[in-house]
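K.L.:
Test case, fold it:
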Amino acid sequence: MANTSPSDLAGELLKYCLRGEVWPASVLDALLDRATSEDSETAHEGSRALFGIVAERLSDLFEPALCDVYADLFSQVIARALPELDAAELLARYRRIRRPRRFDGNPDRIRNVFVLSRVTLGADVAVTSPLLRVALDTFPSADVYLVGPSKNWEIFAGEPRVRHLPVAYGRNATLAGRLQIWPDLREQLLAPDSIVIDPDSRLSQLGLLPLGREEGYFFFESRSYGGNGSEALAALAGRWAAETFGGLEPRPFISPVPTSKFSGDPIITVSFGVGENPAKRIPGPFEEKLLRDLVNPDTLVLVDRGAGGEESERVDRVVARTGVPSGRLRAINCAFADFASLIARSQLYVGYDSSGQHVAAACGTPLVTVFAGFAAPRTFERWRPTGNGPIEIIRAEDPDPARVLAGVFGAIRRLRR
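P.N.:
Down below sits the predicted model:
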């Protein structure tokens, strides 16, 4: 298989996984040879295929049976990359921690609560924030940490009790790069009188890496919880939190340090970010026509330029093509926490299925979100935004962009009444 590309190997491996069949060891070995290669380019190609094709697909389908397939496969992957760990022991521990159980200790004796970040911003709003809330409410004397990247913690930096334990996790890193955080993080989470709350985090490779003390490890297996139902992840996370720690079901929240940007203007916020998944975009002049429709004399429309690169260039082109003066329409550069603060005080938010929709839902901001390119019906159900404010969801399954745009225009008119 020396001449087979990493993507072809990953595709072949995925076929066996989805069918619930035993994969040939030669296929996995060949893919791992690429992902662990000493050649940087080869290692990146192999790792992108392993995570982007296999891991993400197994997760995105939200099929409970695929959790077992993932655990079996990636316990072997981790043991290959970290020889000090044993695949059978990783799998056995995973099967223990995935069993739901209630916290039955004395909350006053807990000194630290470590809540692992999901790494992606939208998931930290929709899924992680209810778990942060239950930690704050259940353990009033504890230090509550969000464990993860700085940009994720900044969404909650205005809440004085949410502290930060910095962990840099490269979503585009090699297999070795993704796992290199483990030894130091393991030691930090072993602090006395501590518990760990894991919302199916990439930091733990979805619960497989041993972190913290097992008796104080509470794992929300978001890919299986809720079974074959159609509830959204935000609601499921709240239910799991209440079942595990008691009390009312917590809801998503954000608490960024407020920004003073554009403080004197009524604003509409827009995001065309798609999280490196171009299938989420609507082709053609959709974005340009949408912006022209949003512009009005009394409101400033702010379009997030994203993290740079192709996305920022695309936003700049779209805004320029509208011909609208910058006093009414503007592409903006800012940290995500600042953009979240702007969403929170917007009259309306419009965007694709991405992090901004979950911020708007958490804040009660009226929102229109466009869903395209989702892996399966349950993927849509799980990731749709839920909240107390008015929400219009456009399932963009119609192949005609003009009809999708008409649906969006109709949704905006309904929210503006």
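K.L.:
mean confidence score for stretch 406-417?
P.N.:
For stretch 406-417, the mean per-residue pLDDT is 92.
K.L.:
And stretch 374-385, by the same measure?
P.N.:
95.
K.L.:
go on, stretch 132-140?
P.N.:
According to the model, stretch 132-140 has a mean pLDDT of 97.
K.L.:
likewise stretch 79-87?
P.N.:
Averaged over stretch 79-87, pLDDT sits at 97.
K.L.:
go on, stretch 177-190?
P.N.:
In the prediction, stretch 177-190 has an average pLDDT of 96.
K.L.:
Kindly report the same for stretch 284-294.
P.N.:
Averaged across stretch 284-294, the pLDDT comes to 94.
K.L.:
now swap in stretch 215-224 and tell me
P.N.:
98.
K.L.:
Ok, stretch 271-281 next?
P.N.:
88.
K.L.:
End to end on that stretch, go ahead and measure it.
P.N.:
Stretch 271-281 stretches 11 Å from its first residue to its last (C-alpha to C-alpha, to the nearest Å).
K.L.:
So for it, what gets flagged as buried?
P.N.:
Along stretch 271-281, these residues count as buried under the neighbour rule (16 or more other C-beta atoms under 10 Å): 271, 272, 273, 274, 275, 277, 280, 281. Quick note: C-beta positions are derived from backbone N, CA and C, even for glycine.
K.L.:
Go through those and flag which are in strands.
P.N.:
Judged by DSSP state E, strands contain the following of the buried residues of stretch 271-281: residue 271.
K.L.:
which residues sit in contact with residue 255?
P.N.:
155, 156, 157, 158, 159, 162 (C-beta atoms under 8 Å, 6 or more residues apart in numbering).
K.L.:
Tabulate the CA atom coordinates of the longest helix along the chain in PDB.
P.N.:
Secondary structure assigned by DSSP state H gives helix 64-81 as the longest helix of the chain. The C-alpha atoms that make up helix 64-81 are tabulated as PDB, following Å, rounded to 0.1, in the frame of the first residue of the first chain:
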ATOM      1  CA  PRO A  64     -24.600   5.500  19.300                       C
ATOM      2  CA  ALA A  65     -23.100   2.200  17.900                       C
ATOM      3  CA  LEU A  66     -20.300   4.200  16.200                       C
ATOM      4  CA  CYS A  67     -19.000   5.300  19.600                       C
ATOM      5  CA  ASP A  68     -17.800   1.700  20.200                       C
ATOM      6  CA  VAL A  69     -16.200   1.600  16.700                       C
ATOM      7  CA  TYR A  70     -14.400   4.900  17.400                       C
ATOM      8  CA  ALA A  71     -13.200   3.800  20.800                       C
ATOM      9  CA  ASP A  72     -11.900   0.500  19.400                       C
ATOM     10  CA  LEU A  73     -10.100   2.200  16.500                       C
ATOM     11  CA  PHE A  74      -8.700   5.200  18.200                       C
ATOM     12  CA  SER A  75      -7.400   3.300  21.300                       C
ATOM     13  CA  GLN A  76      -5.200   1.600  18.800                       C
ATOM     14  CA  VAL A  77      -4.200   4.900  17.200                       C
ATOM     15  CA  ILE A  78      -3.300   6.500  20.500                       C
ATOM     16  CA  ALA A  79      -1.300   3.500  21.600                       C
ATOM     17  CA  ARG A  80       0.600   3.600  18.400                       C
ATOM     18  CA  ALA A  81       1.500   7.200  18.900                       C
END
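K.L.:
List the buried residues of it.
P.N.:
66-67, 69-71, 73-81.
K.L.:
Quick one: those as a markdown table, columns for distance to residue 181 too.
P.N.:
A markdown table is the format used below for the buried residues of helix 64-81 (distance: C-beta to C-beta, whole Å):
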| residue | distance to residue 181 |
| --- | --- |
| 66 | 25 |
| 67 | 23 |
| 69 | 25 |
| 70 | 20 |
| 71 | 20 |
| 73 | 21 |
| 74 | 16 |
| 75 | 18 |
| 76 | 20 |
| 77 | 16 |
| 78 | 13 |
| 79 | 17 |
| 80 | 17 |
| 81 | 12 |
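K.L.:
any idea which of those is the one closest to residue 6?
P.N.:
Residue 6 has its nearest neighbour among these in residue 77, at 13.6 Å by C-beta to C-beta.
K.L.:
Could you check how far that closest one is from residue 101?
P.N.:
27 Å (C-beta to C-beta, to the nearest Å).
K.L.:
Check residue 390 too.
P.N.:
For residue 390, the distance to residue 101 - C-beta to C-beta - is 38 Å.
K.L.:
helices or strands next to the longest helix of the chain in the packing?
P.N.:
helix 6-19, helix 25-35, helix 56-60, helix 87-97, helix 175-179 (3 or more C-beta pairs under 8 Å, 6 or more residues apart in numbering; DSSP states H and E).
K.L.:
let's go with 7 Å and repeat that
P.N.:
helix 25-35, helix 56-60, helix 87-97, helix 175-179 (3 or more C-beta pairs under 7 Å, 6 or more residues apart in numbering; DSSP states H and E).
K.L.:
Contacts for the last one, please.
P.N.:
To tie it back to what came earlier, the one meant is helix 175-179. Helix 175-179 has contacts (C-beta atoms under 7 Å, 6 or more residues apart in numbering) with 35, 36, 47, 50, 78, 81, 82, 169, 170.
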